[in-house]
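**Q** 3D, please:
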Amino acid sequence: MVAIHTLWLPILLSAVFVFVASSIMHMVLPFHRSDYKKLPDEDKVVAALRLSGVGRGVHMFPFCSHKEMNSPEMKEKFKQGPVGMVTVFPAGINMGKSLAQWFVYCLVVGVFTAYLTGRVLVPGTAYLAVFRVAGTVAFMAYAVGQLVNGIWGGHPWSNVIKHFFDGLVYSLLLAGTFGWLWPR
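**A** Numbers count the residues shown, from 1 in each chain. The predicted structure is shown next:
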């Protein structure tokens, strides 16, 4: 067993490596440029949303309760379309805050990876064994959770697969860092 406090360096460095890799993948490489599409007649749609007083949150349309879902009126609304969800953020974009939250998330993934890997492996464990355990834990955090966006969030599967691939890259970086810096 390896105490979690002895793994502070792989936790921190893996978060830095994942943060840098994600920045490159999203801002430099063309990989994610097609993830989002512009609304047709965007100015009118945004004006209508603003006028309606829509606030922060995830809004589904047409909206109905479970009870109303099988009514003929709702079935017709769903049939006619469009059907979707709109995520509304607070006014203004605070990229710094989002990047800070992403880095904290990377640290949290590192902490949980360190905890579980430290519970099942001992100091001196071979690189590949550390890589497999740490990589599996990180893959669950960075990649597998992305599938929910395709299943329930309505995200196009092409986007989900790209984010799933991102998660694989992030988990490989974390696993390599943990294997490299595992206590001997």
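**Q** can we go C-alpha only for contacts and neighbour counts from here?
**A** Noted.
**Q** Could you tell me the per-residue confidence at the residue of the chain positioned farthest from its centre?
**A** The C-alpha centroid of the chain is most remote from P72, which lies 36.7 Å away (CA atoms, centre = their mean). What the model reports for P72 is a pLDDT of 93.
**Q** For it, give me its contacts.
**A** Listed by CA atoms under 8 Å, 6 or more residues apart in numbering, P72 has no contact partners.
**Q** so how far is F139 from the residue most central in space within the chain?
**A** In the chain, the centroid-proximal residue (CA atoms, centre = their mean) is Q146; its distance is 5.9 Å. The gap separating Q146 from F139 is 10 Å, by CA to CA, to the nearest Å.
**Q** isn't P183 right up against A126?
**A** No - at 10.1 Å, P183 does not count as touching A126 under the criterion of CA atoms under 8 Å.
**Q** Which residue is the nearest non-sequential neighbour of V83?
**A** Leaving aside its chain neighbours, V83 sits nearest to F61 (5.6 Å; criterion: CA to CA, 6 or more residues apart in numbering).
**Q** so where's this protein shaky on pLDDT?
**A** Along the chain, no part satisfies pLDDT under 70.
**Q** Do a quick rundown of the helices in it.
**A** Taking DSSP state H, the helices of the chain run over residues 8-27, 42-52, 72-80, 95-120, 127-142, 147-151, 157-181.
**Q** Include distance to V88 when you put those helices into JSON lines, please.
**A** Output for the helices of the chain, formatted as JSON lines (distance: least, CA to CA, whole Å):
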{"stretch": "helix 8-27", "distance to V88": "21"}
{"stretch": "helix 42-52", "distance to V88": "10"}
{"stretch": "helix 72-80", "distance to V88": "22"}
{"stretch": "helix 95-120", "distance to V88": "15"}
{"stretch": "helix 127-142", "distance to V88": "24"}
{"stretch": "helix 147-151", "distance to V88": "16"}
{"stretch": "helix 157-181", "distance to V88": "19"}
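**Q** quick one, which of those is nearest to R33?
**A** helix 8-27 (7.8 Å; CA to CA).
**Q** So for the closest one, what gets flagged as buried?
**A** 8, 10-19, 21-22 (16 or more other CA atoms under 10 Å).
**Q** That helix - contacts with which helices or strands?
**A** Packed against helix 8-27, as judged by 3 or more CA pairs under 8 Å, 6 or more residues apart in numbering; DSSP states H and E, are the following elements: helix 95-120, helix 157-181.
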